[in-house]
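Student: here's my sequence, what's the structure:
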Amino acid sequence: MANERYDAVVVGAGMSGLAAGIRLAQYDKRVVVLDRHALWGGLNSFYKRGGRRYDTGLHALTNWAPPGEKSTPLPKLLRQLRIPREELDLAEQGFSEVRVGGARLTFGNGSASIEEAVARAFPSEIDGFKRLVQAVKEHDPFGARPDGGAARARLAQWIHDPLLVECLLVPVAFYGSAREDEVEWDLFVVLFRSMFLEGLARPVGGIKTLLDALRRRLVECGGELRMRAGVARILLNERQAASGVLLDGGEVLECERVLSSAGRVETLRLCGLDSPAEHLGRLSFCETTSILARPTAALGHGATMVFFALDERFAYRRPNGLVDATSGVVCASDNYQRHEYGDAGVYRVTCLANHDLWSGLHDEEYAAAKLRCADEMLAAAGKVALDPRPHTTAFDMFTPKTIRRYTGPHGGAVYGSPAQARDGHVGVERLHLVGTDQGTLGLVGSLLSGVAAANRHVLMAPTT
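Tutor: Residues are numbered from 1 along each chain as shown. I've put the predicted structure just below:
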């Protein structure tokens, strides 16, 4: 029996993989999207426990744009995927906060909101901040020459108060930096625009609403989605070019191109190739989800998101212990303007964690460590937002060990490798990266990465 043959095989059914599959199927390419797990979405997915659905990954969909806006990333993306905006049923944030040391910035959607927040909290810095905003608007983070300069040093050109610099770095780092103690300038520009100049929203129904829309669109276009179809190896021909994949069950799929959202290090390992140590990602997270007996706002906490650091200069690195609760992200999912939770509150806390330490624990140690670290994280959240423990009716938590088990990144590295390949090339012909390790961040960025890779490496590629 002959092996099946495709124009493209996409490894990984995360956001970028699904978007790449849709884009190719729209142009009548024979494409299959493969994933080892039962649910699509990758790091942004969902699961059920105790009859309740929990989101993973999604705190907010960045790049919010009002209906009728056509020029920003979100409407451009929806046009390219041919998904009506109404299918996402987006609800805006109410308001969010950045809290670093004793400083607080309270902001909503649109650039006017963050400028007003800076003027209130740091009045002497507002002129410099406006110049920063203008510089961000004028910079092309996807230009031919990547700018990997340190954002902290760049910010000092316009901002003189180091506390405001930290306030601007904390949310950007937690939403996308793969580098310890640093944010690259290009990345800062992308995320600053998407979070502060555009804004935050959430599909009513959570990540499943978006994933259902993507899956539906892929199938409508004639693309294939195969779950529980893990890739054991990317096959190379005699010219050492990608020629197909070998699945866990032994099936071989031949193809013209392979697009991989597995990550730079993981993709090369599938080819039987090693990566240098400096390419290995080190940043992972623990996250708790507390279901509350009452809406979060009724318990006295009204912010949708809180990005926090208890110290005036935060440490963004793999912690020496299991978890570092001195900084993190708090998300009250029921504080979006619309939601599906009724009279319950849904409260999530995310902090940096050490994958190697978590993975070295035996089962009993692991269970005890989860309880201990959850208490530490929730206590920290109580200092900047709400301590949910007295109001909790259901609870769950994931660790770097969970991330590695269900999504596969080396070291549980949520943002992948610090050595990104912006052009998608990893040194193997006919094999191209999509997603985080291509240098795109956030849900919209990941989806745009898949579209761009499909366009550049398949639809516009020369035939041979």
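Student: stretch 292-311: end-to-end distance?
Tutor: End-to-end distance for stretch 292-311, by CA to CA, to the nearest Å: 28 Å.
Student: kindly report the same for stretch 176-190.
Tutor: End-to-end distance for stretch 176-190, by CA to CA: 10 Å.
Student: that stretch: which residues count as buried?
Tutor: By 16 or more other CB atoms under 10 Å, the buried positions in stretch 176-190 come out as 176-179, 182-190. Using the backbone N, CA and C atoms, a C-beta is placed for each residue, glycine as well.
Student: same question, stretch 356-367
Tutor: So stretch 356-367, judged by 16+ other CB under 10 Å, has buried residues 357-359, 361.
Student: now do stretch 21-35
Tutor: Within stretch 21-35, the residues that count as buried by 16+ other CB under 10 Å are 21-26, 29-35.
Student: distance between that stretch and the chain's centre?
Tutor: Relative to the centre of its chain, stretch 21-35 is centred 22 Å away, using CA atoms, centre = their mean, to the nearest Å.
Student: isn't Tyr54 right up against Phe46?
Tutor: Yes: between Tyr54 and Phe46 there is a contact under CB atoms under 8 Å: 6.3 Å.
Student: quick revisit: out of the buried residues of stretch 176-190, which is nearest to Ala135?
Tutor: Closest to Ala135 out of the buried residues of stretch 176-190 is Val189 (8.5 Å), distances taken as CB to CB.
Student: assign Pro67 to helix, strand or coil.
Tutor: Following DSSP: H, G, I helix; E, B strand; the rest coil, we place Pro67 in the coil state.
Student: ok, Glu166 next?
Tutor: Per three-state DSSP, the local secondary structure of Glu166 is helix.
Student: can you give me how far the helix or strand hosting Cys373 is from the chain middle?
Tutor: Assigned by DSSP states H and E, Cys373 belongs to helix 363-384. Put simply, helix 363-384 sits 23 Å off its chain's centre (CA atoms, centre = their mean).
Student: what is the next helix or strand after it packed up against?
Tutor: Reading on from helix 363-384 to the C-terminus, the next helix or strand found by DSSP H and E is strand 392-398. With contacts taken as 3 or more CB pairs under 8 Å, 6 or more residues apart in numbering; DSSP states H and E, strand 392-398 sits against strand 52-56, strand 284-292, helix 363-384.
Student: point out the most buried one among those.
Tutor: Each of the helices and strands packed on strand 392-398 was given a mean neighbour count from mean count of other CB atoms under 10 Å, and the largest, a mean of 24, is that of strand 284-292.
Student: mind giving me the packing neighbours of that one?
Tutor: Using 3+ CB pairs under 8 Å, 6+ apart: strand 284-292 touches strand 52-56, strand 345-353, helix 363-384, strand 392-398, helix 400-407.
Student: which elements pack onto the second one?
Tutor: Translated: strand 345-353. Using 3+ CB pairs under 8 Å, 6+ apart, the elements in contact with strand 345-353 are strand 284-292, strand 323-332, helix 363-384.
Student: low-confidence ranges, this structure, go.
Tutor: Judged by pLDDT under 70, the chain has its weakly predicted residues at 1-2, 462-464.
Student: hmm, back to that, of the helices and strands packed on strand 392-398, which is nearest Gly101?
Tutor: Taking CB to CB, helix 363-384 is the member of the helices and strands packed on strand 392-398 nearest to Gly101, at 10.7 Å.
Student: name the residues that touch the closest one?
Tutor: Helix 363-384 is contacted from outside by 99, 286, 288, 290, 306, 308, 310, 322-323, 325-326, 328, 330, 347, 349, 351, 353, 358, 361, 387-389, 395, 397, 399, 401, using CB atoms under 8 Å, 6 or more residues apart in numbering.
Student: which of the residues you listed are buried, as a ChimeraX select command?
Tutor: Listed next is the ChimeraX selection for buried residues among those, using 16+ other CB under 10 Å:
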select :99,286,288,290,306,308,322,323,325,326,328,330,347,349,351,353,358,361,387,388,395,397,399,401
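Student: pipe the buried residues of stretch 356-367 into a markdown table and attach secondary structure and distance to Val434 per row.
Tutor: Shown next, in a markdown table, are the buried residues of stretch 356-367 (DSSP: H, G, I helix; E, B strand; the rest coil; distance: CB to CB, whole Å):
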| residue | secondary structure | distance to Val434 |
| --- | --- | --- |
| Leu357 | helix | 31 |
| Trp358 | helix | 28 |
| Ser359 | helix | 27 |
| Leu361 | coil | 33 |
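Student: can you tell me which of those is nearest Ala117?
Tutor: Distance to Ala117, by CB to CB, is smallest for Trp358 among these, at 35.9 Å.
Student: in this structure that closest one contacts Leu322, no?
Tutor: Yes: counting by CB under 8 Å, Leu322 is a contact partner of Trp358 at 6.2 Å.
Student: give me every residue that touches the spatially most central residue of the chain.
Tutor: By CA atoms, centre = their mean, the chain has its centre lying nearest to Gly442, at 4.3 Å. Going by CB under 8 Å, 6+ apart, Gly442 touches 61-63, 175-176, 191, 194.
Student: got it, and Leu357?
Tutor: When contacts are counted by CB under 8 Å, 6+ apart, Leu357 touches 321-322.
Student: ok, now how distant is it from Arg226?
Tutor: Note on Leu357: its distance to Arg226, by CB to CB, to the nearest Å, is 35 Å.
Student: before we move on, what about Val330?
Tutor: Distance from Val330 to Arg226, by CB to CB: 37 Å.
Student: export the helices and strands packed on strand 392-398 to JSON lines and tack on distance to Asn109?
Tutor: As requested, the helices and strands packed on strand 392-398 are exported to JSON lines (distance: least, CB to CB, whole Å):
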{"stretch": "strand 52-56", "distance to Asn109": "21"}
{"stretch": "strand 284-292", "distance to Asn109": "24"}
{"stretch": "helix 363-384", "distance to Asn109": "21"}
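Student: out of these, nearest to Leu211?
Tutor: Between Leu211 and these, the shortest separation by CB to CB is 10.2 Å, and it involves strand 52-56.
Student: CA atoms only for that closest one - export them in PDB, please.
Tutor: Provided in PDB are the C-alpha atoms of strand 52-56 (Å, rounded to 0.1, in the frame of the first residue of the first chain):
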ATOM      1  CA  ARG A  52     -16.400  22.000  34.800                       C
ATOM      2  CA  ARG A  53     -14.300  23.200  31.800                       C
ATOM      3  CA  TYR A  54     -11.000  24.800  32.500                       C
ATOM      4  CA  ASP A  55      -9.000  26.900  30.100                       C
ATOM      5  CA  THR A  56      -5.200  26.500  29.800                       C
END
